[in-house]
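Asks: Kindly generate the corresponding structure for this input.
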Amino acid sequence: MATVTSIPADIDALSYEEARDELVRVVAELEQGGATLEQSIALWERGEALARRCESWLIGAKERLDAARAAAETS
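Replies: This next block holds a predicted model:
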């Protein structure tokens, strides 16, 4: 099975908080264990995409903070 690294458009449009909240919901649903194998795989894949979205938000926030700190140090 190929590894998918792109973020679906519906997830890419989510704010950090929206992606995080949906990721929490997906994890809870997986932990309940009532899903079929196909449903579990789909949930897992969505969870992976949501985690990548959250990570991209956090990386962007860190870059902005680093830039602000660097600008403050040179002022």
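Asks: From here on, just use CA atoms for contacts and neighbour counts.
Replies: Will do.
Asks: tell me the contacts of Arg52?
Replies: With contact taken as Cα atoms under 8 Å, 6 or more residues apart in numbering, Arg52 is in contact with Ile7.
Asks: Tell me where the model's unsure across the protein.
Replies: Along the chain, the parts satisfying pLDDT under 70 run over 1-5.
Asks: Mind jotting down where the helices sit in it?
Replies: 9-12, 16-32, 37-74 (DSSP state H).
Asks: Give the other helices and strands that the first one contacts.
Replies: Right, the one you point to is helix 9-12. In terms of contacts (3 or more Cα pairs under 8 Å, 6 or more residues apart in numbering; DSSP states H and E), helix 9-12 is packed against helix 37-74.
Asks: how far is the helix it packs on from where the chain is centred?
Replies: The offset between the C-alpha centroid of helix 37-74 and the centroid of the whole chain comes to 6 Å, using Cα atoms, centre = their mean, to the nearest Å.
Asks: Helix 16-32 and that one, what's the angle between them?
Replies: On the basis of axes from the mean of the first three to the mean of the last three Cα atoms, to 10 degrees, helix 37-74 is oriented at 150 degrees to helix 16-32.
Asks: Could I get the buried residue list for helix 37-74?
Replies: Of the residues in helix 37-74, those buried by neighbour count under the rule 16 or more other Cα atoms under 10 Å are 40, 43-44, 46-54, 57.
Asks: Make CSV from those residues and add distance to Glu29 to it.
Replies: Listed next are those as CSV, based on distance: Cα to Cα, whole Å:
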residue, distance to Glu29
Ser40, 9
Leu43, 8
Trp44, 10
Arg46, 12
Gly47, 11
Glu48, 14
Ala49, 16
Leu50, 14
Ala51, 15
Arg52, 19
Arg53, 19
Cys54, 19
Trp57, 24
